[in-house]
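Enquirer: All I have is the shape, not the residue letters:
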């Protein structure tokens, strides 16, 4: 059962994002009758390897939102250190605020009810710009990204997978 406060919070957030769109992403409801599932369009940030990219994602909210975090899953294939092969995104802000010494994350980096869709999506855009290679979801992408960064862009393998290769794991930036 969805809480009335979750319905209210999601309604206000959705309305705010429609009235005051944020550069870098757009949101819409998958079904006008369901505030708990959104379709997200994320645009690759300027001056990054993902510039010019268009990434579709699904955002699903739990019945007790904003007390529990939503999930975000890319529907477009994305070659990125923090995106699992199935499209699930690994980002601290979407992890429940439990104390987990194994994760390497501080509880303050994790979800809390003051976060919202806007802060989540801005964090995703930031992650496209600067992946977290210390806790990768895609180890191969992480290794390639670090090699690319250490070579100051001279090692083109990571960049080529993102931009040009007809690789099953990548999204082509147009």
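Expert: Yep, it's here. None of these values were measured; they are calculated from a predicted model.
Enquirer: report the longest helix in the chain, please.
Expert: The residue-count maximum for a helix in the chain (DSSP state H) belongs to helix 4-19.
Enquirer: And the next helix or strand past that one?
Expert: Sequence order places strand 25-31 as the next helix or strand after helix 4-19, per DSSP states H and E.
Enquirer: contacts for the longest helix of the chain?
Expert: Under the contact criterion CB atoms under 8 Å, 6 or more residues apart in numbering, helix 4-19 has outside partners 27, 29, 35-36, 38, 61-66, 116-118. All C-beta atoms are positioned from the backbone trio N, CA, C, and that covers glycine.
Enquirer: if I look at the most centrally placed residue in the chain, how far off is residue 117?
Expert: Residue closest to the mean C-alpha point of the chain, counted by CA atoms, centre = their mean, is residue 124 at 3.9 Å. According to CB to CB, to the nearest Å, residue 124 stands 10 Å off from residue 117.
Enquirer: just residue 154 next, same as before
Expert: 38 Å.
Enquirer: ok, the two, which is more surrounded?
Expert: More crowded of residue 154 and residue 117, by other CB atoms under 10 Å: residue 117, with 24 against 8.
Enquirer: which SSE is residue 36 in?
Expert: Assigned by DSSP H and E, residue 36 belongs to strand 34-43.
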